[in-house]
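Asker: here is my input; please provide its structure:
(one chain, ligands or ions: 1)
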Amino acid sequence: MTLPARLVLLGHPVAHSLSPTIHNAALRAAAIPLEYTALDISPAQLPETMRMLRAEGAAGNVTIPHKRAVFEFCDRITDVARRVGAVNTFMMRDGALLGDNTDVAGFDMAARTLMRNAGTALPKRVALVGAGGAAAAVAAAVEEWNGSELVIWSRGPARAEALVQRFARTSVEGDLSRAVCDADLVVNATPLGMSDDSFPVPIAMLPSGCLVLDLVYKRGETEWVCAARAAGHPASDGLRMLIEQAARAFHVWLGVAPDRDAMWKAAT
Ligand code: NAP
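Answerer: Now for the predicted structure:
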């Protein structure tokens with residue numbers, strides 16, 4: 001397999017991202033002579049950047065706010081990226097720019113690990129807070145869980161309604177307490193808690209014993225995850241999803257599985 005010319009993360013902003021840290025740790029562990037770099041690219045700069053990366057034969061990841069825009073630049077799209085409507089991983093294949101989405105598998109693995117550690121089966125009811133790009137990846141994963149229903153709460157109904165049109169067994173609930181009241185799993189897919197200590201759902205509102213999965217990550221876990229766990233909820237933050245989506249991207253770019261322990265060590 002031919003190595004990509006370079007590996008990049010496209011976002012705006014990108015300084016907060018742990019992706020360079022975990023990918024560079026895995027590249028060093030595998031003795032692959034590449035560096036993964038974050039590029040802070042404004043929406044106006046994206047078309048020229050994509051032209052340049054395509055000509056170079058680069059590969060990479062995409063984060064807020066470019067996942068939909070990069071989808072439009074790709075020549076080919078994997079089924080899962082088409083289902084989500086967003087690209088978080090791209091690469092050149094046979095002269096074509098291929099867009100993929102590894103967030104779905106990353107979320108699925110993070111949720112299943114949380115369930116396994118808690119000794120629970122697939123949830124009957126999942127409450128999802130937020131209706132953006134990450135929420136679409138969650139909806140695509142939950143749609144594959146046999147019988148699970150997804151209830152979405154978001155501060156504005158339009159994006160939640162759009163997800164309901166696209167994904168099976170999904171509904172919108174305008175009242176947060178009603179959205180979470182019967183949930184076996186509550187997922188935060190908003191940025192709440194990333195740059196402050198705010199909670200997407202008050203701890204007192206969580207049903208007894210429900211699992212809590214925060215897609216937000218930061219070193220030392222989010223305040224919401226710590227508070228949920230202290231109240232007796234099996235809980236984890238977005239670090240496992242980050243590492244799992246990164247591991248899948250690494251594999252498709254480079255043809256080898258990364259050393260996940262090296263990634264975890266670098267991120268914690
Ligand atoms: P996005 O497309 O911008 O969507 C964000 C969602 O959060 C929207 O529904 C937005 O509502 C809502 N929101 C934003 N600020 C809010 C607030 N103050 N109160 C209530 N709702 C608010 O972003 P995204 O790509 O889905 O990412 C969401 C979060 O997931 C980010 O923190 C991101 O870092 C995290 N994430 C983690 C991973 C991982 O691997 N762990 C992967 C992907 C994303 P409006 O539509 O009304 O603005």
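Asker: would you map the strands across the stretch 1-150 of the chain?
Answerer: Remark: strands assigned in the stretch 1-150 of the chain by DSSP state E, counting those that start in this stretch are 7-11, 36-40, 59-62, 76-77, 89-93, 96-100, 125-129, 149-153.
Asker: try the stretch 151-268 of the chain
Answerer: Listed in chain order, the strands found in the stretch 151-268 of the chain under DSSP E, counting those that start in this stretch are 170-172, 185-188, 211-214, 235-236.
Asker: closest to the ligand out of the strands of the stretch 1-150 of the chain?
Answerer: Among the strands of the stretch 1-150 of the chain, the nearest to the ligand by Cβ to the nearest ligand atom is strand 125-129 (7.3 Å). All C-beta spots, glycine's among them, are computed from the backbone N, C-alpha and C.
Asker: who wins for proximity to residue 17 among the strands of the stretch 151-268 of the chain?
Answerer: strand 211-214 (16.4 Å; Cβ to Cβ).
Asker: within its sheet, name the partner strands of that closest one and how each one runs.
Answerer: Strand 211-214 has the following sheet partners, assigned by DSSP bridges: strand 185-188 (parallel), strand 235-236 (parallel).
Asker: closest one to the ligand among those?
Answerer: Among the strands paired with strand 211-214, the nearest to the ligand by Cβ to the nearest ligand atom is strand 185-188 (7.7 Å).
Asker: tell me the mean pLDDT over that closest one?
Answerer: Strand 185-188 carries an average pLDDT of 98.
Asker: do that strand and the ligand meet at all?
Answerer: No. Strand 185-188 lies out of reach of the ligand by Cβ under 6 Å from any ligand atom, never closer than 7.7 Å.
Asker: kindly export that strand (C-alpha atoms) in PDB.
Answerer: Output of strand 185-188 as PDB, limited to C-alpha atoms (Å, rounded to 0.1, in the frame of the first residue of the first chain):
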ATOM      1  CA  LEU A 185     -28.700   5.400  27.700                       C
ATOM      2  CA  VAL A 186     -28.300   9.200  27.600                       C
ATOM      3  CA  VAL A 187     -25.900  10.600  25.000                       C
ATOM      4  CA  ASN A 188     -24.600  14.200  24.900                       C
END
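Asker: figure out how far it is from the centre of its chain.
Answerer: When distances are taken as Cα atoms, centre = their mean, to the nearest Å, strand 185-188 is centred 13 Å away from the chain's centroid.
Asker: thinking again about what came up before, mean pLDDT and mean neighbour count for the strands of the stretch 1-150 of the chain - can I get that in TSV?
Answerer: Shown next, in TSV, are these (pLDDT from 0 to 100; neighbours: other Cβ atoms under 10 Å):
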stretch	mean pLDDT	mean neighbour count
strand 7-11	98	23
strand 36-40	98	17
strand 59-62	98	26
strand 76-77	98	17
strand 89-93	97	22
strand 96-100	98	19
strand 125-129	98	25
strand 149-153	98	24
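Asker: can you name the residue of the stretch 151-268 of the chain nearest the ligand?
Answerer: residue 238 (2.8 Å).
Asker: same deal with the chain?
Answerer: residue 132 (1.9 Å).
Asker: which stretches of this protein have low pLDDT?
Answerer: Judged by pLDDT under 70, the chain has no weakly predicted residues.
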